[in-house]
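S.K.: Sequence and predicted structure, then a few things I'm wondering about:
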Amino acid sequence: MALSLERLGKYDPKDPQKNRLTDLGPRHFWQYFPPVIQNNYGKWAYHDVLEPGVLVHVSETGEKVFTVRCGAARFMTVQHVREICEIADKYCDGYVRFTTRNNIEFLVDSEAKLDALKKDLQGRKFPGGSFKFPIGGTGAGVTNIVHTQGYIHCHTPATDASSMVKSIADALFEEFQGMNLPAKVRVSMACCLNMCGAVHCSDIALLGYHRKPPIIDHEVIDKVCEIPLAIAACPLGAISPDKTPEGGKTVKIKQDRCMFCGNCYTMCQALPLSDKEGDGVTILAGGKISNRISMPKFSKVVVPWLPNNFPRFPEVVENVKKILNAYAQGANKYERLGDWAERIGWEKFFEKTGLEFTEHLIDDYRLAYDTWRTSTQFKYTDAAWNVSKAAGGID
Amino acid sequence: MALFEPKNEQKEIKYAEMRIYSDEELNNYTEEELKNFKIKHDIPDLEELEKGPWPSFVSDAKQGALHRRKLADDRMLIDRDVIEDMLGQLQVSFDDGETHWKHGGIVGVFGYGGGVIGRYSDLPEKYPSIAHFHTVRVNQPASKFYNSDFLRTVCDMWEYRGSGMMNLHGSTGDLVLLGTTTEQLEPIFFELTHELGQDIGGSGSNLRTPSCCIGKARCEFACYDTQDLCYELTQYYQDELHRPAFPYKFKFKFDGCPNGCVASIARSDMSFIGTWRDDIRIDQDAVKGYIAGDFIPNAGAHAGRDWGKFDLQKEVLDLCPSKCMKYEDGVLTIDNAECVRCMHCINTMPRALKPGTDTGVSILLGAKAPILEGAQMATLIVPFMKAEAPYDNIKEFIEKVWEFWMEEGKNRERLGELMQRFGLPKFLEIMELPPAPHMVKTPRENPYVLWKEEDVPGGWTRDIKEYRTRHKR
């Protein structure tokens, strides 16, 4: 048993079926549970967060497992993964786990092993100064930001993911290493509304968005695309068949109908959308997944567009901080960001965060009416007085 | 003793036997060299991203690049500069405000229709080593526990046959290997299956790689064996995972309780969320312990700020969404028939309260991201189902849903969109499920019921002459 060094390894291109193994599925989970996890499977009685990023789970048997949670960029090289393995070998009998939100978890079975592990993790830095394994991401704080590929590997992004996440995570590092918020705050990032990260139910969601309709590559569209599929791909029916001056098959686009979703580009590579001035970032807020206290809810668009100001996205960082600071000051214990906004009213949300409310934030897509307010219940904020003035209701 | 058995033999992987690189090769640069290392392209914006406390992916990429530079020529099958070129192209993408990856490209391994994503640079002359830069999705073990023998072996294989860049993990849950050539796809697949006993994941119009929360492995709230159900269904539906036969993608996710740590309710076409149908277990002494301040509420999750002394009334009873709890004469009582199992009281006092013991799953259907008809959350369809191996009841339900979707779903129509197009009443009729108020937030607000002819006595065929005998024109 050894990895092959042959250029084509065990694969024989002359007989591709030879020795082919298929449908194995993933390796079985049980072998990767450390002994303390195997022995106490299903027997856990309770847990405590000992300090930010450090958990203890106590079993009915009296055994304990201590977890140190570390932030990580989900992009890693083999060198970084090998370093994770080195730490796992040194302190955790070779075991390590990753969370759904791309944190790394090192588990040990006694408190005595904890201090050395923590000290080691805290001491490891990249030459540029950033921590390799910052400890945190538990309780009422900000945990790792899940995200998508962006410019590193994707063909449809409206912004970059890794750089924006790094910038936001740097700015929220205190919240990652602390537990001083009213409840947990989940920040998520997707670089276009295909949303392979499905960020639409996050406390704060950052979403890349296009603002220019597709350009039509008339020369090749008939060769590289199924034109009927491209036409059918448009949710607003903005694409229709057309002829080039030479009589070739192509499409035309009613540009004022385009909502910039990019679905046509997904179906047809001759309809690219991305553009330096057009592309940018939308911020959504107030969503949640958990059923705790209130039902899960969608995030709402609170900032319609900000520029892609690479590499640090100062405008995005500033707006995220505004939302987070207002929430931290105003919300009650256990209250998620969306629950806070609903309790105080969205008019107060905009007042307290200082975000500008523009016409873009009023839904005019299908089912928009569900979000219109059909009540005399509201709170007076400057935004209300502005409307009253504009309507001639007051001086 | 193993509580769960694998479906196929799991050969033990020993890195010492599998490895490609020697220790000297793995540690082939000094800290000083790394500090002074510049890649071949100018990357000022990326160097800016080396600052700040959060782990810098650029710093990591640079150490990978230096490591490759110092390996001997015959110690890798992919161009040495692949990481440097990726960083160079990323800088140009920042300059241009546009991605430089081409649209798609169909590549894969023989007999599978998913698991590999084709990717090509649109600047191949400038960045030749990433001209081909395909992704391989490796199906992660349930809830992402690993040992170092496995990970180190993957690293050696991937450094030799790929770029050495990866994601731990991709959004759906796979361990993602980023960047290799078409030539190496089959050899990588053979190494994964033969040496690592490990398959690749889903992509395209397939069942996508299922994922689950940590479950009973390290959580006191888990109401069923999330890893086991995830593993069982992943194995049972290997054909659906590898060979595209669906209208579009389909995702399973498994949350052990209504806290929803893998976000199944927002991110999966079929969401399994653990729940219970008996009573919340109460340890009255521990309740008193919380009141007395012996235990920190919510397991200490709020310790970073002084929120004052724990107040059972204010922090638990008043926040209960159905107000079904009382604390009188030193005894906490819960009217379990009124409880909606939101988890708040249990999360707040984990030593005192635990989910019931008659557990199962709620099944919700149809969540998806905004493409096309807007984002959807999953809708509650099955309030409670037992979830015990071999999970035949769950498989039966899944296949009934798939039968409908495969029959009626249009190209690229997710289950949630199809349910909207058909309407929930029709969907329930097809699924042979009785309608229940649990499936809606409120009853409908318009009376536009599409009554069927058989619903109405006498049918719809009427005679106008007979009508006119009673009503003059």
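M.R.: Arrived safely.

S.K.: residues in contact with B:Asp74?
M.R.: Counting by C-beta atoms under 8 Å, 6 or more residues apart in numbering or on different chains, B:Asp74 makes contact with nothing. To be clear about C-beta, it is placed using only N, CA and C from the backbone, and glycine gets the same treatment.

S.K.: Equivalent analysis for A:Gly128, please.
M.R.: So A:Gly128 contacts B:Glu47, B:Glu50, B:Lys51, B:Ser56, B:Val58, B:Ser59 (C-beta under 8 Å, 6+ apart).

S.K.: Out of those, which are close to chain A?
M.R.: For chain A, the contacts drawn from the contacts of A:Gly128 by C-beta under 8 Å from any C-beta of the partner chain are B:Glu47, B:Glu50, B:Lys51, B:Ser56, B:Val58, B:Ser59.

S.K.: And these, which of them are buried?
M.R.: B:Glu47, B:Glu50, B:Lys51, B:Ser56, B:Val58, B:Ser59 (16 or more other C-beta atoms under 10 Å in any protein chain shown).

S.K.: Now go through the residues you listed and say which are in helices.
M.R.: Those of these mapping onto helices are B:Glu47, B:Val58, B:Ser59, per DSSP state H.

S.K.: Can you lay out those as TSV showing pLDDT and distance to B:Thr357?
M.R.: Output for these, formatted as TSV (pLDDT from 0 to 100; distance: C-beta to C-beta, whole Å):
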residue	pLDDT	distance to B:Thr357
B:Glu47	97	56
B:Val58	98	50
B:Ser59	98	49
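
S.K.: Out of the residues you listed, which comes closest to chain A?
M.R.: B:Ser59 (3.5 Å; C-beta to the nearest C-beta).

S.K.: Isn't that closest one up against A:Arg124?
M.R.: No - using C-beta atoms under 8 Å, B:Ser59 is not in contact with A:Arg124; the gap is 11.6 Å.

S.K.: what's the span of stretch A:185-194, first residue to last?
M.R.: The stretch stretch A:185-194 measures 23 Å between its terminal residues, going by C-alpha to C-alpha, to the nearest Å.

S.K.: what mean pLDDT does it have?
M.R.: For stretch A:185-194, mean pLDDT is 93.

S.K.: try stretch A:342-362
M.R.: 97.

S.K.: Near chain B, which residues of the stretch 201-350 of chain A? Just list them.
M.R.: With C-beta under 8 Å from any C-beta as the criterion, the stretch 201-350 of chain A meets chain B at residues A:201, A:229, A:233, A:235, A:261, A:263, A:265-266, A:269, A:272, A:274-277, A:279, A:287, A:289-294, A:296, A:298, A:308, A:310-312, A:333-334.

S.K.: again, 7 Å this time
M.R.: A:201, A:235, A:261, A:263, A:269, A:274-276, A:279, A:289-294, A:296, A:298, A:308, A:310-312, A:333-334 (C-beta under 7 Å from any C-beta of the partner chain).

S.K.: Can I get the buried part of those as one ChimeraX selection?
M.R.: Remark: buried members of these, expressed as a ChimeraX selection using 16+ other C-beta under 10 Å:
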select /A:201,235,261,263,269,274,275,279,289,290,291,292,293,294,296,298,308,310,311,312,333,334
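
S.K.: Take the residues of the stretch 201-350 of chain A next to chain B and keep only those in helices.
M.R.: In this view, these that belong to helices under DSSP H are A:Asn263.

S.K.: residue ranges of the strands in the stretch 151-300 of chain A, please?
M.R.: Here the stretch 151-300 of chain A has its strands, by DSSP state E, counting those that start in this stretch, at A:187-190, A:204-209, A:239-243, A:249-253, A:280-285, A:300-307.

S.K.: out of those strands, deepest packed?
M.R.: strand A:187-190 (a mean of 28; mean count of other C-beta atoms under 10 Å in any protein chain shown).

S.K.: before we move on, back to that, between the contacts of A:Gly128, which sits nearest B:Arg351?
M.R.: Of all the contacts of A:Gly128, B:Ser56 has the smallest distance to B:Arg351: 39.8 Å, by C-beta to C-beta.

S.K.: Nearest residue to the closest one in space, ignoring adjacent ones along the chain?
M.R.: A:Ser130 (4.2 Å; C-beta to C-beta, 6 or more residues apart in numbering or on different chains).

S.K.: List the residues that contact the one you found.
M.R.: Residues near A:Ser130 by C-beta atoms under 7 Å, 6 or more residues apart in numbering or on different chains: B:Glu50, B:Gly52, B:Pro53, B:Trp54, B:Pro55, B:Ser56, B:Ser59.

S.K.: Kindly report the same for B:Lys40.
M.R.: B:Asp81, B:Glu84.

S.K.: Look up phi and psi at it.
M.R.: phi -70, psi -20 (degrees, to the nearest 10).

S.K.: roughly how far apart are it and chain A?
M.R.: Distance, B:Lys40 to chain A, by C-beta to the nearest C-beta, to the nearest Å: 17 Å.

S.K.: Return the set of buried residues in stretch B:329-336.
M.R.: For stretch B:329-336, by 16+ other C-beta under 10 Å, it's B:Leu332, B:Ile334.

S.K.: for the record, mean pLDDT for that stretch?
M.R.: Taken as a whole, stretch B:329-336 has a mean pLDDT of 97.

S.K.: Okay, now it: how far is its last residue from its first?
M.R.: Distance across stretch B:329-336, first residue to last, is 19 Å (C-alpha to C-alpha).

S.K.: what's the offset of that stretch from the middle of its chain?
M.R.: 37 Å (C-alpha atoms, centre = their mean, to the nearest Å).

S.K.: And the pLDDT at the closest residue in space to B:Thr226 that isn't next to it in sequence?
M.R.: Spatial nearest neighbour of B:Thr226, excluding adjacent residues (C-beta to C-beta, 6+ apart): B:Gly215 at 3.4 Å. pLDDT recorded at B:Gly215 is 98.

S.K.: B:Gly215: what's it in contact with?
M.R.: For B:Gly215, counting by C-beta under 7 Å, 6+ apart, the contacting residues are B:Ser143, B:Ala222, B:Asp225, B:Thr226, B:Gln227, B:Gly256.

S.K.: And it, how far from B:Asn259?
M.R.: Separation of B:Gly215 from B:Asn259 (C-beta to C-beta, to the nearest Å) stands at 12 Å.

S.K.: try B:Asp294
M.R.: B:Asp294 is 24 Å from B:Asn259, by C-beta to C-beta.

S.K.: quick one, which of these two is more surrounded?
M.R.: The residue with more neighbours, out of B:Asp294 and B:Asn259, is B:Asn259; 21 against 11, by other C-beta atoms under 10 Å in any protein chain shown.

S.K.: mind checking the SS state of that one?
M.R.: Following DSSP: H, G, I helix; E, B strand; the rest coil, the label given to B:Asn259 is coil.

S.K.: Show the contacting residues for it.
M.R.: Contacts for B:Asn259 (C-beta under 7 Å, 6+ apart) come out as A:Ser290, A:Arg292, B:Phe221, B:Met343, B:Asn347.

S.K.: In which helix or strand does B:Tyr160 reside?
M.R.: B:Tyr160 is part of helix B:148-161, with elements assigned from DSSP states H and E.

S.K.: Quick check: what element follows that helix along the chain?
M.R.: According to DSSP H and E, the helix or strand after helix B:148-161 is strand B:165-168.

S.K.: Just checking: what are the partner strands of that following strand?
M.R.: strand A:75-77 (antiparallel), strand B:175-178 (antiparallel) (DSSP bridges).

S.K.: Could you list the buried residues of that strand?
M.R.: Buried, per 16+ other C-beta under 10 Å, within strand B:165-168: B:Met165, B:Met166, B:Asn167, B:Leu168.

S.K.: List just the nearest of the ones next to chain A among the contacts of A:Gly128 to A:Ser163.
M.R.: B:Val58 (8.6 Å).
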